[in-house]
Structures are given as C-alpha cells and as structure tokens.
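J.: fold the stuff below for me.
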Amino acid sequence: MFDTLSERLGGIFDGLTGRGALSEKDVSAALREIRVALLEADVALPVVKDFIGNVKSRAVGEEVIRSVKPGQQVIKIVYDALIEMLGGEDSDSSLRIDSPPAVILMAGLQGSGKTTTTGKLAKRLSEKERKKVLLASLDTRRPAAMEQLAILADQCGDNVVSLPIIQGQLATDIARRAMNAAKLGGYDVLILDTAGRTTIDEQMMNEVAEIADIADPSETLLVADSLTGQDAVETANRFHARLPLTGLVLTRMDGDGRGGAALSMRAVTGLPIKFMGVGEKLDGLDAFDAKRVAGRILGQGDIVSLVEKAAEQMDAAKAERMAEKLRKGEFDLEDMAEQFRQMQRMGGLGGLMGMLPGARKAKQAMESANLDDNVLKRQEAIIMSMTRQERRKPAVLNASRRKRIAAGAGVTVQEVNKVLKMHQQMAGMMKKMRKKGGMKNMLGAAQAAGLSPADLAKMGGQGGMPGLGGGSLPPGMGGLPGLGGGKKK
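T.: Numbering: from 1, shown residues only. Modelled structure (predicted):
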C-alpha cells in the first residue's frame, strides 16, 4: 500500500543524504517535496499541515544543519513524526477483555470487510490468546450474511462457535440471545457482527446505538476499507459521533491504494488503529504498530514482524531436525525446498521484501531481474522432480538425470543447473557458519535454543534473513541467498 509514498520519500531522502552539508534552504525544499508526496498519497490536508509543521520545527535549526550527518538527522525526525502521527511509540493494539464474556461490537459500512474481519479476529483470539469465542451475526438484511459468519466460525477451529441462526428475529433480539448464550456457555469473548450499509442512514445508526446499549461492549471497533481514501476518514468521524468507538481496523492494507486513509485516520479521529487486514485468509490480520509501519514507509523494513512471522510458520519438530543437520554441516536439496516453502508461507518474495531494510532498492532489483513469487514455485518444482536419492545426494546428478528432471519440471537444463549451483552456494555457506560457530543466525537453530523474536531481530537486523539462509546475499538481492540468478526464461 505504501510503495508509491515510500518511493517518493526515498528519492527525497537520497538527495539529502548525498550531501555533506545542508542549509536551511535545502531542508525547506525537501519539506515542500514531502508535503506534496503526502498530499498525493491522499493524506488529509490538516494532517499534512500538522506533520510538516512538526518536522520543520525540529529540522530547521543549528543542531541539524551543523550535525555530522544532517541528512540522516532529517530522516530520523521524519520517522519520529510519522510514529506520532500513527499513534506514538506506545500505541497499543491489545483489546480490553475483562470479565467474561467480554463483548466486541463490529461496525462499518457494507463492503468494508467487516464479516471477514470478525472471523479473522475470532481466529486470532482463539489461537494467540486461547480464548473461547462466540460469534453472532446481527445482519438481518444482507442475504446469507449469517451463513457466511457460520462458515468462517467453522474454519476458525474448535474454540470458535457461531450462534445458531433463527430466521425472522430482529438484530436487537439476536443481541440479547447472544448475550445469554455467551454467559450460559462460558465463553470468554462474544463478537457481534452488525449490519453494514452503503451509506450512513439514521435508521442504521439508531439500530447500532441500541445494540451498543444492550451489549455494553468492552470494545467497539470500526472496520474501514483503507482503499477508500478520505471517505474512510469521514466515515470514521460520523460513526464516532454516534457510537462509543474504541478503535479502528483497516482492511485491505495489502492493496495498491495510496495509503492516505491509514495515515490520516489516527490523527483525525484520535482513535487507535488496532489491527490491519492483509489478505483474504483468516490469518491475515496483523496487530498495528506505529513504529513498524513508519519503518516500512521509510524503507527501513520490519525485521521484528519478519521474525515473528517466521516463528509462527516454523514447525518445532522440523526446526529441531534442521538444527541438528546444520550442526553437522549438512544441507541437502530437500532442506532447500523446505526453505522455499517457508518463504511462500510467509508471504512470498514480495511480502518478505517489504519487511527487509532497504526494501525499496530490493524490490527494484527484483523487478529489474524479472523475479517474482513464481521463482520459488519453479525452483521447488525442479527439486520435487528429482528422486529422493537425488535430493539427498545431489552429487549423483549427471547430465542424463538433469535432462530428465528438466523435462519433468517443464524447464530448461540451464535452470536445473542454476538450482544446483544455488544449493552448492548455500551448502558451502552452512559449512562456513558451522566452522565459525555462527549457527545461531539460523532460525531453526535459534528456535531450538529457545531464543525470542527480539533476540532474533537483534541478530538478523544487519545482515541476511534469519531462517532463510542468513549471511550476505548474492549481488542484486540484498539479503536473500540463492535468488539472484538471472532473468526468467
């Protein structure tokens, strides 16, 4: 979502850091360009004015102008101001879940992704916080809305249940029945999915307000589509005027919108952004963290999120086996295929690049080399076209075997050779790491040793990618071992 803004800001900062000294005129010119970039990203005008005023008061002064690296000082000031605009360093995405059953009321316009977000939130609460969750659809108008929520509840696992559907009931009656069922059933959390509308009408607002009075929710979350730009900000303001909103959830944050709504919402409404929707799958709901989002916008990456995502996807038994093999200096083609699968589970090359420091340049390198997520699938297909013996002992792969593998995977022999060369490079790197005692840089070994995501972030922040090979990367890819080879055939 922030790619265009990140590119614009990156170009501005490249011009600043390329100079040995900065005058007040240079800083003012850069701030004008930042102002235009934010406005083009659809950030609300009052927010832009406050932001630029905040940055200018800190950036135009003797301390910055005469510092050793004035360009870097300006970037740091912009970074701090972005964090403030998004909610501050102490922004808290946690939900108030007090005495059970805690009620969470979901509100929003039709088409904002409210029902899907309800399912995502239920899955997150059941898996990460071990809560027993009851879902209730109060949408009596949209066809199949109740059935959709029931299907999502089934997909969330045993700890999430949907309220049985009784046709013909009013939304307020369903709310009362859900409250009673949550108490009798011993549920920790009750999530009420209210009806959405294409516009904010008085009847709808009265209905939602009445439901809020009945349920007395611990949290009232407004679900807003981040692709709607300034309309999302206006919607939030109008809802907040009638409902006791406690937080925002921005959906479709993985889309190609300009990002202005996400940057404006917190500043305009004063409400904290609790979560971000990043995809249609039920696990596509991330906690909002102002520091991490600001880091991504400025191309600094998000190593902590990357490591947390890797830790979530890592199978403990597989990690133990991988760590043991790596301690012996062993790394075969089956191990490499598993690395490719893990990268795909973590969002593919595009998702990973957005979390790496220098993400803008890394993405440009990928585009210039015609690299995309199909590279991982193609390389995995090549490996899976081999026999088990060949995957475990690549040395047996002679010319005739390579031709057979290429035909089976639908690629050329040259591409098979590239995969084998990549494996040799990665296996050699593993042996060097073993000799130097650097195995803790590998996610599998680190997890087996009981290291936390914060520990991993400290180790992985400067050099390769924990769990994906570590170390320095081939030219052009800035940190992903083995994915730098040439253009697509």
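
J.: for the rest of this, base every contact and every neighbour count on C-alpha atoms.
T.: Noted.

J.: so for stretch 323-335, mean pLDDT?
T.: What stretch 323-335 shows for mean pLDDT is 76.

J.: list the buried residues for it?
T.: The neighbour-count check on stretch 323-335 (16 or more other Cα atoms under 10 Å) flags A323, L326, R327, G329, E330, F331, D332, L333, E334, D335 as buried.

J.: measure the last one to M276 for me?
T.: This points to D335. 33 Å (Cα to Cα, to the nearest Å).

J.: for the third one, same thing?
T.: Relative to M276, R327 is positioned 39 Å away (Cα to Cα).

J.: send over the helix or strand encompassing L5 as PDB, restricted to the C-alpha atoms.
T.: Per DSSP states H and E: L5 is located in helix 3-17. C-alpha atoms of helix 3-17 as PDB (Å, rounded to 0.1, in the frame of the first residue of the first chain):
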ATOM      1  CA  ASP A   3       5.000   1.600  -2.100                       C
ATOM      2  CA  THR A   4       4.400   4.800  -4.000                       C
ATOM      3  CA  LEU A   5       4.800   7.000  -1.000                       C
ATOM      4  CA  SER A   6       7.900   5.100   0.100                       C
ATOM      5  CA  GLU A   7       9.400   5.500  -3.300                       C
ATOM      6  CA  ARG A   8       8.800   9.300  -3.300                       C
ATOM      7  CA  LEU A   9      10.200   9.800   0.200                       C
ATOM      8  CA  GLY A  10      13.100   7.500  -0.600                       C
ATOM      9  CA  GLY A  11      14.100   9.700  -3.600                       C
ATOM     10  CA  ILE A  12      13.800  12.900  -1.500                       C
ATOM     11  CA  PHE A  13      16.000  11.400   1.300                       C
ATOM     12  CA  ASP A  14      18.600  10.100  -1.200                       C
ATOM     13  CA  GLY A  15      19.000  13.700  -2.300                       C
ATOM     14  CA  LEU A  16      19.500  14.900   1.300                       C
ATOM     15  CA  THR A  17      21.900  12.100   2.400                       C
END
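
J.: which residues touch the nearest residue to T140 once chain neighbours are set aside?
T.: Using Cα to Cα, 6 or more residues apart in numbering and skipping the chain neighbours, the partner closest in space to T140 is A171 (6.6 Å). For A171, the contacting residues are L138, D139, T140, T194, E207, I211, by Cα atoms under 8 Å, 6 or more residues apart in numbering.

J.: determine which two of these are furthest apart.
T.: Maximum pairwise distance among the contacts of A171 (Cα to Cα): 13.4 Å, between T140 and I211.

J.: more crowded one of the two?
T.: Remark: of T140 and I211, I211 carries more neighbours, 22 against 17, as counted by other Cα atoms under 10 Å.

J.: now do the helices in the stretch 151-300 of the chain.
T.: 171-184, 202-215, 230-242, 260-269, 290-297 (DSSP state H, counting those that start in this stretch).

J.: which one of those lies nearest to G157?
T.: Between these, helix 171-184 lies closest to G157; by Cα to Cα that is 17.4 Å.

J.: just the buried positions in that closest one, please.
T.: When burial is assessed from 16+ other Cα under 10 Å, helix 171-184 yields the following buried residues: A171, T172, I174, A175, A178, M179, A181, A182.

J.: over to stretch 378-387?
T.: Going by 16+ other Cα under 10 Å, stretch 378-387 has these buried residues: R378, Q379, E380, A381, I382, I383, M384, S385, M386.

J.: identify, from the residues you listed, the entry nearest to V413.
T.: In terms of Cα to Cα, no member of those lies closer to V413 than I382, at 10.0 Å.

J.: so what's that closest one up against?
T.: So I382 contacts I405, A406, G408, A409, V411, V416, V419 (Cα under 8 Å, 6+ apart).

J.: V161 now?
T.: V133, L134, L135, A150, A153, D154.

J.: average model confidence for stretch 217-228?
T.: So the average pLDDT for stretch 217-228 ends up being 87.

J.: make that stretch 193-208, sorry
T.: 79.

J.: repeat that for stretch 80-93.
T.: Here the average pLDDT along stretch 80-93 is 78.

J.: got the end-to-end distance for that stretch?
T.: The first and final residues of stretch 80-93 sit 19 Å from each other (Cα to Cα).

J.: and the helix holding L5, what does it pack against?
T.: In terms of contacts (3 or more Cα pairs under 8 Å, 6 or more residues apart in numbering; DSSP states H and E), helix 3-17 is packed against helix 24-40, helix 70-86, helix 290-297, helix 359-368.

J.: centre of the chain versus it, how much separation?
T.: Between the centre of helix 3-17 and the centre of its chain there are 21 Å (Cα atoms, centre = their mean, to the nearest Å).

J.: number of residues surrounding P164?
T.: P164: 16 surrounding residues under other Cα under 10 Å.

J.: and for G11?
T.: 11.

J.: and it, how far is that from A37?
T.: Taking Cα to Cα, one finds G11 at 11 Å from A37.

J.: then L420?
T.: Counting by Cα to Cα, the gap from L420 to A37 is 45 Å.

J.: quick revisit: give me the subset of the contacts of V161 lying in strands.
T.: Among the contacts of V161, the residues falling in strands (DSSP state E) are V133, L134, L135.

J.: so the second one sits against L184, correct?
T.: Read that as L134. No: in this structure L134 lies outside contact range of L184 using Cα atoms under 8 Å: 11.4 Å.

J.: just for the stretch 201-350 of the chain, where's the confidence low?
T.: Residue ranges of the stretch 201-350 of the chain with pLDDT under 70: 229, 255-259, 299-316, 319, 326, 329, 345-350.

J.: apologies, that question was intended for the stretch 351-489 of the chain.
T.: For the stretch 351-489 of the chain, the ranges with pLDDT under 70 are 351-373, 433-489.

J.: if we can go back for a sec, tell me which of the buried residues of stretch 323-335 is nearest to G260?
T.: Ranked by distance to G260 (Cα to Cα), these are led by D335 at 42.0 Å.

J.: contact partners for the closest one?
T.: For D335, the contacting residues are M322, by Cα under 8 Å, 6+ apart.

J.: what about it, which SS state?
T.: helix (DSSP: H, G, I helix; E, B strand; the rest coil).

J.: now R8: how far from E33?
T.: 9 Å.

J.: so which of the helices of the stretch 151-300 of the chain is the most surrounded?
T.: Of all the helices of the stretch 151-300 of the chain, helix 260-269 has the most neighbours on average by mean count of other Cα atoms under 10 Å, namely a mean of 24.

J.: could you say what helices and strands the helix or strand R404 falls within packs with?
T.: In this assignment (DSSP H and E), R404 forms part of helix 399-409. Where contact means 3+ Cα pairs under 8 Å, 6+ apart, helix 399-409 is packed against helix 374-384, helix 413-436.

J.: now list the buried members of the contacts of I382.
T.: Buried among these (16+ other Cα under 10 Å): I405, A406, A409, V411, V416, V419.

J.: nearest to D283 among the buried residues of stretch 378-387?
T.: Of all those, D283 sits closest to E380, with 24.1 Å by Cα to Cα.

J.: quick check, that closest one in contact with F340.
T.: Yes: assessed by Cα under 8 Å, E380 is found in contact with F340 at 6.7 Å.

J.: is it true that I214 touches I174?
T.: No: I214 sits out of contact with I174 when judged by Cα under 8 Å, with a separation of 10.7 Å.
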